[in-house]
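Using only what follows, build the 3D model:
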Amino acid sequence: MKGLLSFIIALGFVSSQQTTQLISVNDPRPLGAAIHELEKAIKQPITYEDPSYSYSADVADRSDTFRHAPGVRVLLPKGGALSFPFMPSEASDRWGTATLLRRLVTTFNQTYPDGAQFSVLDQNGLFHVIPRSSRAASGGVGPHASALDVPLTVVVREVNGLEALHAICAAIKATTRTTILMGAIDLNAFVSTKVSISSDRETGRTLLTQVLQVTGPALSWRLLAGAGPEAVYYFNVHQVRH
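Residues are numbered from 1 along each chain as shown. Now for the predicted structure:
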């Protein structure tokens with residue numbers, strides 16, 4: 001009986017252990033791709049924002065890989081590989097998720113120390129991974145000024161979610177001269193939602209978060225930069241499935 005009891009206890013201990021999972025990506029945006037995989041594993045939204053890609057050595061011509069219009073070049077960040085081991089149990093609460101996410105960002109920063117460096121922001125109930133430095137056209141690394149950090153004046157009444165996003169992006173363009181275009185988003189979800197905004201001090205990041213929280217559950221975004229000297233970004237929204 002004692003031996004059977006010991007076996008049952010040991011079996012319970014083994015079954016409660018979690019196997020370490022490995023995120024392994026090779027992507028033009030390795031940190032963004034790793035965050036997307038982490039979102040799916042822990043089922044929590046984590047937004048990602050690109051740095052600017054002004055330095056020619058950070059950009060690769062992928063015109064031979066992707067379909068494109070005649071005479072148009074497909075330029076993407078050069079990117080690379082990133083590996084990150086973790087256990088889903090690390091994200092059992094908010095503090096654990098923050099610690100896990102900071103460890104992922106630190107892994108990227110140490111893997112690519114000569115380029116853009118990132119940090120984690122916990123704001124308005126959402127985790128954001130944000131570039132804090134980027135490479136200029138000369139190759140030198142300097143502070144990254146995000147267009148989403150700037151307070152905006154936006155006033156719209158009872159518009160649909162897509163119109164609200166456009167109003168926020170127009171205010172960002174007027175204030176910072178940064179162009180943000182709509183990328184991959186679920187138009188049906190945004191068109192069917194009514195939103196009102198009255199702000200003269202909230203940042204673009206806060207306003208975007210508020211629109212997504214009103215539009216649907218567990219929505220996350222990726223703000224991806226076009227490669228080149230012009231400050232053009234694409235706002236992409238996806239749902240994190242539970």
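
ranges for the helices of the protein?
Counting by DSSP state H, the segments of the chain that form helices are 2-16, 30-42, 94-111, 161-176, 187-191, 204-215.

Figure out which of these is closest to residue 131.
Closest to residue 131 of those is helix 30-42 (C-beta to C-beta; 9.2 Å). Yep, even glycine has a C-beta here, placed from its N, CA and C like the rest.

what does that closest one contact?
Where contact means C-beta atoms under 8 Å, 6 or more residues apart in numbering, the residues beyond helix 30-42 that reach it are 21, 23, 25, 27, 45-46, 48, 50, 79-82, 84, 86, 88, 91, 97, 100-101, 104-105, 108, 111-112, 118, 129, 220, 222, 224, 240-241.

circling back to that earlier point, and the helices of the chain, which one's lowest on average pLDDT?
Within the helices of the chain, confidence is poorest for helix 2-16, with a mean of 47 (mean pLDDT).

Kindly reformat the helices of the chain as CSV containing mean neighbour count.
Listed next are the helices of the chain as CSV, based on neighbours: other C-beta atoms under 10 Å:
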stretch, mean neighbour count
helix 2-16, 9
helix 30-42, 21
helix 94-111, 16
helix 161-176, 19
helix 187-191, 14
helix 204-215, 21
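
For residue 236, find the nearest of those helices.
With C-beta to C-beta as the criterion, residue 236 lies closest to helix 30-42 of the helices of the chain, at 10.0 Å.

okay, the helices of the chain in TSV with distance to residue 136 next?
Shown next, in TSV, are the helices of the chain (distance: least, C-beta to C-beta, whole Å):
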stretch	distance to residue 136
helix 2-16	51
helix 30-42	20
helix 94-111	18
helix 161-176	17
helix 187-191	35
helix 204-215	22
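
Show me the residue at the heart of the protein, geometrically.
Centre of the chain computed as the mean C-alpha position; nearest residue by C-alpha atoms, centre = their mean is residue 48, 1.4 Å away.
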